[in-house]
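Peer 1: sharing a model prediction with you, sequence too.
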Amino acid sequence: MKVGVYFCNCGSNVSDKIDAETVKVCTLQKDKSVHFKTIDFMCSEEGKQVFENDLRDNNINRVVNAACSPREHEGTFMQAMSRAGLNPYLMQMVNIREQVAWVTEDREKATQKASRYINAALNRVALHTPLHKKEIDISTDVLVIGAGPAGLKTALTIAEAGRKVVLVEKLPVIGGMPVRFEELFPKMECGPCLLEPLMADVLHGKFAENIELLTLTEVIGIVGSYGNFSVKLRIRPRYVDPHKCVGCAECIAPCPESAKNEFNCNLNERKAVDFPFAGALPNSVFIDDQVCLRWKNQDCHICKDACPVEDAFIYDEKERIVERNVGAILIAIGSQLYDCTLIPNLGYGKLQDVLTSEEFERIVAANGPTSGQLITSTRAVPESIAIIHCVGSLDKDHCEYCSGVCCQEAFKFNQLLEHKFPGKKVHHFYKELSVPGKEEFELYRKAQRNPESKFIRYKEISDLSIASQDGQKSISYSDADSKKGTIFADMVVLCPAIIPGKDSKVLSKLLEVGLDKFGFFEELHGRTDSTQSKMKGIYIAGTCQSPMEIQKAMNQGMAVAGYMLSGLVQGRKLEISPVTASVIDERCSGCKTCVLVCPYKAISFDGVKGKSHVNDILCHGCGTCVAACPSGAIIGNHFTNEQIMAEIEEILI
């Protein structure tokens, strides 16, 4: 075995603090057979060529590279070794730049320290064994769960690249929450108008043939891993063929049964056969079998008789279970609002005309329950409105975080009221104000300048109390300066915190994707990898990852599309790093400790053999299972106990 030590001066970054000649002497004192070479800039094109040629000319078969951080150039040097005909895993890097030269002022001490590190690496690299990357075939199709802004953007981007997309939405309508909003901050653009081109392209655009849209569909099972997921889907019947239905609405009026319309926050009713709301896409009605008389043992077919299109109704349509094979999955299921009934002093759920921001959005929407008329429960036009910010937000008893978009939504309401219903008095109760961005501040500025708008700051939500008095709502408060007061309003709008959606826990368990302490899907890294989950091949985007507005949600969707398109390429095999954990069956006692501690869900338990098994595709080689195994049955390839101990022993001598 011939070991080569390659010392990179890195210009003056290393050479100013570490004497290469002294290091060479110390290295040769340990092992005279070591080949030692100094290179000025090893990562440069010239330096890499010198490195490669020297490996060949001197028949080196183990390498110690004393240079910078492995994160910086380990891959660079491994590629050079491969070109020279060596297995790249027969190398050990020593970080003498960041860990020695940059942090040790004394030149003599820095030189001694670098020598010890290099000698430790010599001990370790002698125990390295050749490792080889594996390759597997992959599916380039993808699954997108959730047809809101993030999901739609991702699906269309993937489809435009010629890939196949399965787009799953559990509701009968696509577009997510923003399609129900009349106007969107910061520019007061029409929500449905903004998203309609995107939805139209998904439904019947140039690349729509690459998108399989499945509404009323939920994920119920998944097996496999990145590149090869097999997903089981449950499709609930619509009882209407969306390809035949022309959206004429002739069937709706004759329908004898009605129920609360959840798409309008239960503020009005819809028929058993109906659209979720006017303008919903796909432009097709659906039958609610919980309301329709046919599912109450009555032979009602009024809707079918009224329909001008033959065979548009499918009364005998059954629930279906289908399977799809995909290479990657996006979770984009959105979020929900905090339950305001958990803050009883605000009167929500007990007092009339105390509304959430979502309910207010629907009231002022032209396709909402009042056709856009701003009216109270008594059908009167309100003259004064109180808007309460931070409902549940920044509160240790409710939600500790700031949702970020609530203030902008409140100022949007202020602008909407001023524009559509001028002269209304508006009181803003706020804890903190959040208006980041280059355009968002404008709505805040307009609200401040509006003479009909007043701002009152409070400390805690418990400082507010809403009651009904003489047909109005009285809001008693203690402001930030502890001054007490009361104002009266005809309507109160609460801006609740954004919290994880109802399906987050179910999907988290099903897909084995972790949730953070707040219940949102946990990202790989909050700043550098916010769209990757810790499960390889499963991505997250939109408000299921964190509260955010449409721009960021769509940007995240585009980022996910980039990951999918670059990772799943037709004809390319998936390359798997060999730096993973592996189980020695003879030692495994079947305690399942490794299964519990693995942060990437890469370890499963074979009940038949009674042994654990590591999925190489999912394993990141972090070593958590190696450290936790009580019987030493798991080996960390390239980081064995023997290799690590050999390195430590030299340092401690």
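Peer 2: That came through, no problem.

Peer 1: what sits against residue 82?
Peer 2: Contacts for residue 82 (Cβ atoms under 8 Å, 6 or more residues apart in numbering) come out as residue 88. (Each C-beta comes from the backbone N, C-alpha and C, glycine too.)

Peer 1: CA atoms of whichever helix or strand it is part of as PDB?
Peer 2: Residue 82 is part of helix 70-83 when elements are defined by DSSP states H and E. Taking Å, rounded to 0.1, in the frame of the first residue of the first chain, the C-alpha atoms of helix 70-83 are listed here in PDB:
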ATOM      1  CA  PRO A  70     -14.500  18.600   2.400                       C
ATOM      2  CA  ARG A  71     -17.800  20.400   1.600                       C
ATOM      3  CA  GLU A  72     -15.800  22.700  -0.600                       C
ATOM      4  CA  HIS A  73     -13.700  20.400  -2.800                       C
ATOM      5  CA  GLU A  74     -14.000  16.800  -1.700                       C
ATOM      6  CA  GLY A  75     -16.100  16.100  -4.800                       C
ATOM      7  CA  THR A  76     -13.500  17.800  -7.000                       C
ATOM      8  CA  PHE A  77     -10.700  15.600  -5.700                       C
ATOM      9  CA  MET A  78     -12.800  12.500  -5.900                       C
ATOM     10  CA  GLN A  79     -13.500  13.100  -9.500                       C
ATOM     11  CA  ALA A  80      -9.700  13.700 -10.200                       C
ATOM     12  CA  MET A  81      -9.000  10.300  -8.500                       C
ATOM     13  CA  SER A  82     -11.600   8.600 -10.700                       C
ATOM     14  CA  ARG A  83      -9.900  10.000 -13.800                       C
END
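
Peer 1: in it, which residues are buried?
Peer 2: 70, 73-74, 76-78, 80-81 (16 or more other Cβ atoms under 10 Å).

Peer 1: show me this protein divided up by domain.
Peer 2: Following automatic domain parsing, one finds the domains of the chain at 3-125, 134-236+319-334+501-572, 238-316, 338-500, 577-637.

Peer 1: contact partners for the residue positioned nearest the centre of the chain?
Peer 2: Central residue of the chain (Cα atoms, centre = their mean): residue 540, 2.5 Å from the mean position. Contact analysis of residue 540 by Cβ under 8 Å, 6+ apart lists 330-332, 513, 521, 523, 531-533, 556.

Peer 1: go with 10 Å
Peer 2: 145, 150, 329-333, 513, 520-524, 530-533, 546, 556, 560 (Cβ atoms under 10 Å, 6 or more residues apart in numbering).

Peer 1: mind checking how far it is from residue 52?
Peer 2: Per Cβ to Cβ, to the nearest Å, residue 540 is found 41 Å from residue 52.

Peer 1: then residue 543?
Peer 2: Counting by Cβ to Cβ, the gap from residue 543 to residue 52 is 50 Å.

Peer 1: who has more neighbours out of these two?
Peer 2: residue 543 (30 against 19; other Cβ atoms under 10 Å).

Peer 1: number of residues surrounding residue 126?
Peer 2: Applying other Cβ under 10 Å, we find 14 residues neighbouring residue 126.

Peer 1: you'd agree it is up against residue 92?
Peer 2: Yes. Counting by Cβ atoms under 10 Å, residue 126 touches residue 92, with 9.5 Å between them.

Peer 1: which parts of the stretch 51-200 of the chain are strands?
Peer 2: 62-67, 91-95, 134-136, 142-145, 165-168 (DSSP state E, counting those that start in this stretch).

Peer 1: what's the answer for the stretch 501-650 of the chain, then?
Peer 2: So, for the stretch 501-650 of the chain - with DSSP E, counting those that start in this stretch - the strands run 523-525, 529-533, 538-540, 574-576, 581-583, 603-606, 611-614, 634-636.

Peer 1: chain center to the fifth one: distance?
Peer 2: So that's strand 581-583. Here strand 581-583 is found 29 Å from its chain centre; the criterion is Cα atoms, centre = their mean, to the nearest Å.

Peer 1: residues in contact with that strand?
Peer 2: Taking Cβ under 10 Å, 6+ apart as the rule, strand 581-583 contacts 594, 598, 602-603, 606, 611-614, 616, 619-626, 629, 633-637, 639.

Peer 1: what about burial for those residues, which qualify?
Peer 2: Neighbour-count burial (16+ other Cβ under 10 Å) applied to these gives 594, 598, 602-603, 611-614, 616, 619-622, 624-626, 629, 633-637.

Peer 1: which residue packs closest to residue 267, ignoring adjacent ones?
Peer 2: Using Cβ to Cβ, 6 or more residues apart in numbering and skipping the chain neighbours, the partner closest in space to residue 267 is residue 369 (4.0 Å).

Peer 1: per-residue confidence at that neighbour?
Peer 2: You'll see residue 369 listed with a pLDDT of 90.

Peer 1: quick check: chain neighbours aside, which residue is closest to residue 265?
Peer 2: Closest to residue 265 by Cβ to Cβ, 6+ apart is residue 359, at 4.5 Å.

Peer 1: from residue 337, how far out is that neighbour?
Peer 2: As defined by Cβ to Cβ, residue 359 lies at a distance of 10 Å from residue 337.

Peer 1: same thing with residue 73?
Peer 2: 48 Å.

Peer 1: residue 465 too?
Peer 2: 21 Å.

Peer 1: with residue 653 instead?
Peer 2: Separation of residue 653 from residue 337 (Cβ to Cβ): 62 Å.

Peer 1: ok, these two, which is more surrounded?
Peer 2: residue 337 (20 against 9).

Peer 1: and that one, how far is that from residue 392?
Peer 2: 9 Å.

Peer 1: ditto for residue 250
Peer 2: Relative to residue 392, and taking Cβ to Cβ, residue 250 is found at 44 Å.

Peer 1: the two: which has the busier surroundings?
Peer 2: Between residue 250 and residue 392, counted using other Cβ under 10 Å, the more crowded position is residue 392 (25 against 15).

Peer 1: residue contacts, that one?
Peer 2: Residue 392 touches 337-340, 342-343, 346, 398-400, 403, 406, 461, 494-499, counting by Cβ under 10 Å, 6+ apart.

Peer 1: please redo it, this time with the cut-off set to 6 Å
Peer 2: 338, 398-399, 496-497 (Cβ atoms under 6 Å, 6 or more residues apart in numbering).

Peer 1: would you indicate which residues of stretch 563-573 are buried?
Peer 2: By 16+ other Cβ under 10 Å, the buried positions in stretch 563-573 come out as 563-565, 567-568.

Peer 1: do stretch 526-545 as well
Peer 2: 530-545.

Peer 1: pLDDT weak spots in the stretch 501-650 of the chain?
Peer 2: Judged by pLDDT under 70, the stretch 501-650 of the chain has no weakly predicted residues.

Peer 1: what count of nearby residues applies to the residue nearest to residue 489 when sequence neighbours are not counted?
Peer 2: Spatial nearest neighbour of residue 489, chain neighbours left out: residue 386 (4.0 Å); criterion: Cβ to Cβ, 6+ apart. Residue 386 has 26 neighbouring residues, counting by other Cβ under 10 Å.
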